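1. Sequence plus predicted model, see below.
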Amino acid sequence: MKILCETVVQDRQTQRNRSLRYVKSTLAVGYNNSAKDADGKNIRQLEIMHFTPQNKVGERFKVTNNIEKIFSKFLRDGKVTIGFKEPPINLMINCDPIQLKGFLHTIKLGLEGKDSMNLRLNIAAATAIPQRSQPQEKMTIVRRGDYPIKGFPRTLKSLKIANIQLLKITFDICSLRNLTVLDLSDNQINKVPREMGRLSLVSFAINNNQLGTANEWDWLRGKQIQKSLRELDLSNNELTYFPHDLIRLEQLVGLKLSHNKIKRVPFGFRRLRNLRNLYIASNLLSSLPSDFNLMRILVLDVWGNEFGMKMDHRISGEHNVHSAPPLWLSAARTVCQNKVPYSAATVPWLLLDILAESPLCACRKICFDTPIIERAVMATLDNIKTLISNREHLIYADIVLCGAGCAGRKQVLSYEQQP
Ligand SMILES: [Zn+2]
């Protein structure tokens, strides 16, 4: 029987390890049919063969009457040590627990003189299991000393560098073209380089850093990251405002912004059509935009926000729009109201942003230059499946009104008329 594993050989006399770390190895157990006893007679001898990249020929160990002890307390974790009498070494093995268990069982059968399919191997002819050199796709660095001085393997798809007081995202991280999962949490990073926007990251965690001190968000304008990013964690970053460019991440499903000092969420937030989970607990929110309920958010965590009291508004002449709206605004409203399909190919770029980011009146008319009326109505959050909030705070919404005659105005007035 042969297993692929990782091993370290420890010399019991000097207490030294032969290698600095575990190395990929093959272990084989079986009978050596050409072994000879003291008298030169052929005998069947149970042996373990150990192949490493340094020793491709393999080193043989007698098994019968040659095992000092087998430490198998951590077998369930895939760790076993076999101590041999001669030579006096400990063979420390890391392996898949099921395979390792099978290997120990085979040794036991051999020692008991029982026959087993697993012992049919002629150990004298055994060879190492060929290892396909697989490109490294995953790397985790949680100690400063492990940070690769010579750079990262170009093949990485997943990289975690956490809690090592990293100050800067170096260019070689931004140039890992295959990277899709990046975790830089618990460091001291104050900005993400613009080049990060060229990566097709799917998940990016950079919580517990200091992005709010530099507030550089150009990377969010990268066309690649806008198309790919689905999970973003910006919790605990000293953010004093909602980074507006976040609303360009239209594939975003999960957004974490908790433990910052954000006061407002912009109206353009509704552009995040795929967003399902929003964690914005422990911020300084005083309200939510009214078109929040046009989204399909399932989990909303606003715990620990103060949310201001309802404001009294006199909806008077100042909100009336007497003059006719500009032609483009009328056109934009028609596009919105009738859900006319539009794209960057048919509509000028600037108009796309206005269509997607301008506040909507309760009647769904797009409002471009009307004032925002703060905390005018109760926020409608009926679509949300899981709302995590402090019950003592009512959540009010900021609204806009498209004109004096709009039904949305009645909504505000009816609230105002309540005692
Ligand atoms: Zn309206």
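-> Looks like it arrived, so ask away.
2. Centre of the chain to stretch 297-308, how far?
-> Mean-position distance between stretch 297-308 and its chain equals 23 Å (CA atoms, centre = their mean, to the nearest Å).
3. buried ones in that stretch?
-> Buried residues in stretch 297-308, counting neighbours by 16 or more other CB atoms under 10 Å, are found at I297, L300, D301, V302, W303, G304, N305, F307, G308. The C-beta positions use only the backbone N, C-alpha and C, and glycine is treated the same way.
4. ok, so what distance separates the last one from the ion?
-> Okay, so that is G308. G308 sits at a distance of 24 Å from the ion (criterion: CB to the ion, to the nearest Å).
5. got the residues of this structure near the ion?
-> Contact residues (CB under 5 Å from the ion) of the chain with the ion: C361, C363, K365, C402, C406, G408.
6. got a list of what the first one touches?
-> By CB atoms under 8 Å, 6 or more residues apart in numbering, the contact set of C361 is C367, T370, I399, V400, L401, C402, C406, G408.
7. Single out whichever of those residues has the smallest pLDDT.
-> Among the contacts of C361, G408 has the lowest pLDDT, at 63.
8. What helices and strands are in contact with the longest helix belonging to the chain?
-> Across the chain, the longest stretch assigned as helix under DSSP state H is helix 97-111. Applying 3 or more CB pairs under 8 Å, 6 or more residues apart in numbering; DSSP states H and E, one finds that helix 97-111 makes contact with strand 2-11, strand 23-36, strand 42-51.
9. list the buried ones in the second one?
-> Of the residues in strand 23-36, those with enough neighbours to count as buried (16+ other CB under 10 Å) are V23, S25, T26, L27, A28, V29, G30, Y31, N32, A35.
10. now these in JSON lines, with pLDDT?
-> Shown next, in JSON lines, are the buried residues of strand 23-36 (pLDDT from 0 to 100):
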{"residue": "V23", "pLDDT": "91"}
{"residue": "S25", "pLDDT": "93"}
{"residue": "T26", "pLDDT": "93"}
{"residue": "L27", "pLDDT": "94"}
{"residue": "A28", "pLDDT": "94"}
{"residue": "V29", "pLDDT": "93"}
{"residue": "G30", "pLDDT": "91"}
{"residue": "Y31", "pLDDT": "90"}
{"residue": "N32", "pLDDT": "87"}
{"residue": "A35", "pLDDT": "80"}
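11. and which of the residues you listed is nearest to the ion?
-> Top of the list for closeness to the ion, among the buried residues of strand 23-36 and by CB to the ion, is V23 at 70.9 Å.
12. What residues does that closest one make contact with?
-> V23 neighbours (CB under 8 Å, 6+ apart): E6, T7, V8, T52, P53, Q54.
13. Could you identify the buried members of the residues you listed?
-> Using 16+ other CB under 10 Å as the burial test, the contacts of V23 include E6, T7, V8, T52 as buried.
14. Go through the buried residues of stretch 297-308 and flag which are in strands.
-> Members of the buried residues of stretch 297-308 lying in strands (criterion: DSSP state E): L300, D301.
15. Mind pulling the model confidence for the closest residue to L285 other than its chain neighbours?
-> Leaving aside its chain neighbours, L285 sits nearest to N305 (4.0 Å; criterion: CB to CB, 6 or more residues apart in numbering). Listed pLDDT for N305 reads 95.
16. hmm, back to that, mind giving me TSV with the helices and strands packed on helix 97-111 and columns for distance to V377?
-> Shown next, in TSV, are the helices and strands packed on helix 97-111 (distance: least, CB to CB, whole Å):
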stretch	distance to V377
strand 2-11	63
strand 23-36	64
strand 42-51	73
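17. where in this structure is pLDDT low?
-> For the chain, the stretches with pLDDT under 70 are 132-133, 313-323, 407-419.
18. Go ahead and flag the most central residue of it.
-> For the chain, S203 is the residue whose C-alpha lies nearest the centre (CA atoms, centre = their mean; 4.4 Å).
19. right, and that one touches E231 too?
-> Yes - here S203 reaches E231: they are 4.2 Å apart, a contact under CB atoms under 8 Å.
20. any chance of the buried residues of stretch 297-308 in CSV, plus distance to N118?
-> Formatted as CSV, those follow (distance: CB to CB, whole Å):
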residue, distance to N118
I297, 56
L300, 57
D301, 54
V302, 60
W303, 57
G304, 60
N305, 63
F307, 67
G308, 73
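21. so who does the closest residue to T7 other than its chain neighbours touch?
-> Closest residue to T7 apart from its sequence neighbours, by CB to CB, 6+ apart: S25 at 4.2 Å. Taking CB under 8 Å, 6+ apart as the contact definition, S25 lies against L4, C5, E6, T7, H50, F51, T52, A128.
22. close enough to count as contact, the first one and I129?
-> Yes - L4 is within contact range of I129, at 5.0 Å (criterion: CB under 8 Å).
23. what touches both of the two?
-> Joint contacts of L4 and I129 (CB under 8 Å, 6+ apart) are T26.
24. For the spatially closest residue to Q165 that is not a sequence neighbour, list the residues it contacts.
-> With sequence-adjacent residues excluded and distances taken as CB to CB, 6+ apart, Q165 is closest to Q188, at 5.6 Å. Residues in contact with Q188 (CB under 8 Å, 6+ apart) are Q165, L166, L167, N209, Q210.
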